[in-house]
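Engineer: Have a look at this prediction, sequence included:
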Amino acid sequence: MAATSRGTAPEPPDVRPRLTVLSGPSGVGKSTVVAHMRKVHPEVWLSVSATTRKPRPGERDGVQYHFVADDEFDKLIANGELLEWAEFAGNRYGTPRRAVLQRLEAGEPVLLEIDLQGARLVRESMPEAQLVFLAPPSWDELVRRLTGRGTEPPEVIERRLEAAKVELAAESEFDTTLVNTSVEDVARELLALMQVV
Ligand SMILES: Nc1nc2c(ncn2[C@@H]2O[C@H](COP(=O)(O)OP(=O)(O)O)[C@@H](O)[C@H]2O)c(=O)[nH]1
Ligand SMILES: Nc1ncnc2c1ncn2[C@@H]1O[C@H](COP(=O)(O)OP(=O)(O)O)[C@@H](O)[C@H]1O
């Protein structure tokens with residue numbers, strides 16, 4: 001043992017709020033869980049992504065997403081303004097870098113709700129992030145939820161179900177799996193993982 005380390009106190013536990021990444025197949029209930037969590041704990045900060053997807057009815061710019069044109073998204077990438085980005089089912093999605101880093105530096109927990117490719121990129125650039133996988137109770141229930149939401153035409157649902165198969169196969173890459181049977185239970189478990197409660 002090196003002399004300099006003798007008698008030194010053990011490292012204090014790492015109490016820095018961590019970056020938490022929530023991922024899971026389209027239709028599993030990520031947005032529903034996050035909306036419930038924010039209703040119960042409005043102080044929890046959720047990153048608002050930029051996307052080239054068109055808004056769904058009821059979605060507002062700057063709330064669910066920053067809805068941007070293709071060339072604007074190109075600029076965000078070129079200027080290094082995205083922490084990560086990915087193409088998902090024909091649209092691009094990315095996490096604005098500055099806002100996330102500012103919150104983490106201010107000591108606040110941060111939640112990203114992003115796809116599998118984005119989760120992998122975050123793991124590479126920020127290995128201290130915790131990756132949480134939201135799983136459906138069953139494949140049939142996932143199909144029911146995605147179809148029942150009624151926001152996408154059949155060909156888009158088909159594309160998202162193809163992506164879902166890939167996402168489900170990657171569950172073991174995540175630190176924790178939460179099965180979305182009850183929105184309230186999952187939201188509570190997620191808050192506990194984020195050390196909010
Ligand atoms: N990589 C990445 N994925 C994102 C980002 N924002 C949203 N996503 C993911 O993109 C996918 C499609 O999102 P969306 O079109 O809103 O559909 P929904 O999640 O099925 O309601 C989901 O898996 C989201 O988690 C982001 O900033 N980066
Ligand atoms: N625990 C749950 N039980 C039943 N239905 C759910 C549950 N969680 C979400 N849903 C429903 O499933 C559909 C997809 O949820 P959504 O939050 O849009 O998924 P995602 O954001 O993962 O694509 C919505 O119609 C939502 O109301």
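Structural biologist: Nice, thanks for sending it over. Residues are numbered from 1 along each chain as shown. Ligands and ions are numbered 1, 2, ... in the order given.

Engineer: burial measure for D115, as a count.
Structural biologist: D115 has 22 neighbours, counted by other CB atoms under 10 Å. Glycine gets a C-beta too; all of them are placed from N, C-alpha and C.

Engineer: Give me the next element, helix or strand, following the lengthiest helix in the chain.
Structural biologist: Looking across the chain with DSSP state H, the single longest helix is helix 154-168. Per DSSP states H and E, the first helix or strand lying C-terminal to helix 154-168 is strand 176-179.

Engineer: so how many other residues sit close to Q130?
Structural biologist: 15.

Engineer: right, and it touches V21 too?
Structural biologist: Yes: Q130 is within contact range of V21, at 7.2 Å (criterion: CB atoms under 8 Å).

Engineer: Give the full set of residues in contact with the residue most central in space within the chain.
Structural biologist: With distances taken as CA atoms, centre = their mean, the residue of the chain nearest its centroid is E113 (1.9 Å). Taking CB atoms under 8 Å, 6 or more residues apart in numbering, we find E113 in contact with 22-23, 30-31, 34, 46-47, 49.

Engineer: The residues you listed in strands, which ones?
Structural biologist: Among the contacts of E113, DSSP state E puts 22-23, 46 in strands.

Engineer: so can I have CSV of the residues you listed showing neighbour count?
Structural biologist: Supplementary listing: the ones in strands among the contacts of E113 in CSV, determined by neighbours: other CB atoms under 10 Å:
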residue, neighbour count
L22, 26
S23, 25
L46, 14
